[in-house]
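1. need coordinates for the below:
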Amino acid sequence: GVVVGYGAALGRHACDCERVDARARDAAYDREAKTFDDAVRSSEYWSGIENMRASLAYGARGDVLEVACGTGRNFSYYDPKKVRTLLAMDACDGMVEEARAKLRTRDGGTTVREAMVTRGDAQRMRNVKTGSVDTVVDTFGLCSYEDAVGALREMKRVVKRDGGRVLLLEHGRSEYGWVRNIFDHF
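-> Model (predicted):
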């Protein structure tokens, strides 16, 4: 598969994140799920991340798998003329609940006809067949995985070999403490 990526690096290093504790991560995201969109909306707008999300989603086509979908912040950017199906997954129950609630709303939902949200972990996608999706999308998910390399291998496994693509939008760990604190909180 072809790997296409956009970067939003906030420092010199691509990612020098510490090892992620899955239980702590899930507890934090479950705790923040209901207020997450409100907490990041303004900063994503002013930093240009909303535009980066839209640009990335513009490249999605065919059968799309979005991993680490969170609250579904990318849903409204998928073009129903290019995206046949959308399967969005997240490992955190609170995020899945918020994404499901948003899926068909006018405020942030998708117009892709066949779309669903499920609980799933990008590091172990046993229910997704090898070579079954045209596009895998992951925005700001790699630093949240215990095994980011394993997640990338899984993305490569499920994407079609002939013309499939993995679209990534990621950030690096900032050299500025105040920026690290903001990202560490979310």
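
2. where does the chain dip in pLDDT?
-> Applying pLDDT under 70 to the chain picks out residues 1-20, 172-176, 179-186.

3. max-length strand in the protein?
-> In the chain, assigned by DSSP state E, the strand with the most residues is strand 83-90.

4. take that strand, keep the C-alpha atoms, and write them as CSV.
-> In CSV, the C-alpha atoms belonging to strand 83-90 read as follows (Å, rounded to 0.1, in the frame of the first residue of the first chain):
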residue,chain,number,x,y,z
VAL,A,83,-16.2,7.2,0.1
ARG,A,84,-18.4,4.2,-0.3
THR,A,85,-18.3,2.9,3.3
LEU,A,86,-16.9,4.3,6.5
LEU,A,87,-16.0,2.1,9.5
ALA,A,88,-14.7,4.1,12.4
MET,A,89,-13.2,2.5,15.5
ASP,A,90,-11.8,3.6,18.8
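
5. neighbouring strands - and their directions - for that strand?
-> Strand pairing for strand 83-90, using DSSP bridges, gives strand 62-67 (parallel), strand 114-119 (parallel).

6. list the residues that contact the closest residue to Arg104 other than its chain neighbours.
-> With sequence-adjacent residues excluded and distances taken as Cβ to Cβ, 6 or more residues apart in numbering, Arg104 is closest to Thr110, at 7.5 Å. C-betas here are computed from N, CA, C, even on glycine. Contact partners of Thr110, counting by Cβ atoms under 8 Å, 6 or more residues apart in numbering, are 72, 75-76, 78, 80, 86, 103-104.

7. helices or strands next to the helix or strand where Asp37 lies in the packing?
-> Using DSSP states H and E, the element containing Asp37 is helix 22-47. If contacts are counted by 3 or more Cβ pairs under 8 Å, 6 or more residues apart in numbering; DSSP states H and E, helix 22-47 sits against helix 49-58, helix 93-102.

8. now do 6 Å
-> helix 93-102 (3 or more Cβ pairs under 6 Å, 6 or more residues apart in numbering; DSSP states H and E).

9. quick revisit: the residue nearest to Arg104 in helix, strand or coil?
-> coil (DSSP: H, G, I helix; E, B strand; the rest coil).

10. so it versus Ser132, what's the distance?
-> Thr110 sits 20 Å away from Ser132, going by Cβ to Cβ, to the nearest Å.

11. picking up where we left off before, got JSON lines for the strands paired with strand 83-90, with distance to Gly177 and mean neighbour count too?
-> What follows is the strands paired with strand 83-90, written out as JSON lines (distance: least, Cβ to Cβ, whole Å; neighbours: other Cβ atoms under 10 Å):
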{"stretch": "strand 62-67", "distance to Gly177": "30", "mean neighbour count": "23"}
{"stretch": "strand 114-119", "distance to Gly177": "34", "mean neighbour count": "16"}
